[in-house]
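>>> I'll drop the sequence and a predicted model, then ask my questions.
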Amino acid sequence: MENMSQVPLKQPIVFRLEGFDITREQGYPLFVVTFIVYAVMLLGNLTVVTVIATDAKLHKPMYMMMCNLVACDLLGGTVAMTQLMSNFLTGDKSIGYVAAIVQAFCLHTYGLAVPTILAAMAYDRYVAICQPLHYHSIMTTRRLVLLCFLAWFIAVVLILILLILNVGTPLCGTLIKHVYSSDQSILRLACFPTPINIIYGLCANWTLRSCTFLIMAFSYAKILKACVVKQEKNSRNKAIQTCTSHLTIYILFEIAVLNIILTYRLQGVSPNIKKFCAIIFVIVPPTVNPIIYGMAMKDIRTNIVKFFKSTVLPK
């Protein structure tokens with residue numbers, strides 16, 4: 001560790017985010033761009049939630065889980081992008097210790113909760129398509145609440161344990177070489193190696209991702225088999241469209257994760273490129289997801305059109 005020879009810092013600690021290597025003048029146009037992207041993200045996700053909340057026909061398990069995914073996307077996107085906009089606008093890249101821990105908690109929760117929610121959505125589609133006659137008896141309100149609770153609970157508990165391990169670690173530096181605070185960026189400031197923290201983080205992350213992948217692989221394999229057997233063309237097409245949107249979102253998210261992993265391990269990649277890939281992780285999925293749902297799911301698309309006609313266009 002680069003900080004081993006230093007004296008441990010005392011509280012209160014104020015970190016400084018390294019951020020992008022840009023001038024103050026370059027920060028202003030970047031703030032405008034980031035603000036526009038964030039506004040589009042908010043508009044798209046809040047529109048989906050509003051449409052679902054105001055239409056009783058959409059008060060179904062699939063759409064309730066979709067609202068949980070929206071909440072998760074907004075959590076990750078808001079925490080990262082508001083910090084980024086503040087840095088671009090003011091040039092002040094300082095962040096307090098508690099704020100850094102909270103930011104890391106929110107971003108890591110986003111990173112783990114997205115696959116668990118998508119796994120719950122895959123199970124819901126499996127029951128709906130493969131066991132349609134028993135769907136309402138299986139996907140009761142109680143089971144829906146339980147699935148949503150577990151999706152969040154598993155992610156939150158895993159991250160809480162990780163951050164509790166980190167809180168007691170003495171730090172010998174204050175420069176976080178990132179655009180936002182994360183578990184790894186804080187651990188790099190530790191006065192001595194932290195193998196337990198690193199091993200736990202890797203095991204928790206990959207175990208969860210492996211489990212959610214297996215659940216989704218099983219669910220969609222069964223769904224694909226059922227779609228091949230189905231005689232009704234309309235039902236088959238609707239099932240394929242719905243599952244395609246879920247799979248597209250999952251693949252897009254995992255590509256964003258893989259992009260971060262590869263750029264941080266490949267030699268010769270510039271620091272700005274690495275940081276840009278880290279920002280893509282919290283910008284692209286939350287911004288694109290509402291578009292994917294709007295294009296692939298007729299119920300959402302139709303209700304969005306009705307919503308804008310009644311609220312935006314003059315009568």
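Received the coordinates, thanks.
>>> Look up how far M81 lies from the most centrally placed residue in the chain.
Centroid check for the chain by Cα atoms, centre = their mean gives Y110 as the closest residue, at 4.0 Å. In this structure, Y110 lies at 12 Å from M81, with Cβ to Cβ, to the nearest Å as the measure. All C-beta atoms are positioned from the backbone trio N, CA, C, and that covers glycine.
>>> Kindly point out which residues are neighbours of both of the two.
Overlap between the neighbourhoods of Y110 and M81 consists of V282, taking contacts as Cβ atoms under 8 Å, 6 or more residues apart in numbering.
>>> how about the helices in the stretch 101-250 of the chain?
135-138, 141-167, 183-187, 195-229, 233-265 (DSSP state H, counting those that start in this stretch).
>>> Beyond the helix or strand hosting L43, next helix or strand please.
When elements are defined using DSSP states H and E, L43 is found to belong to helix 24-54. For helix 24-54, the following helix or strand on the C-terminal side (DSSP H and E) is helix 61-90.
>>> ok, back up a step: which of the helices of the stretch 101-250 of the chain has the highest mean neighbour count?
For these, the stretch with the most neighbours on average is helix 183-187, a mean of 20; neighbours defined as mean count of other Cβ atoms under 10 Å.
>>> Contacts made by that one with the rest, please.
Taking Cβ under 8 Å, 6+ apart as the criterion, the residues outside helix 183-187 that touch it are 15, 100-101, 104, 108, 162-163, 166, 169, 171, 176-178, 194, 197-198, 201.
>>> In this protein, where is pLDDT below threshold?
Applying pLDDT under 70 to the chain picks out residues 1-11, 230-239, 295-296, 307-315.
>>> Return the angle between stretch directions for the helix holding L43 and helix 61-90.
When axes from the mean of the first three to the mean of the last three Cα atoms, to 10 degrees is applied, the directions of helix 24-54 and helix 61-90 differ by 160 degrees.
>>> Buried ones in helix 24-54, by neighbour count?
Under the neighbour-count criterion of 16 or more other Cβ atoms under 10 Å, helix 24-54 has 27, 30-31, 34-35, 37-38, 41-42, 44-45, 47-49, 51-52 buried.
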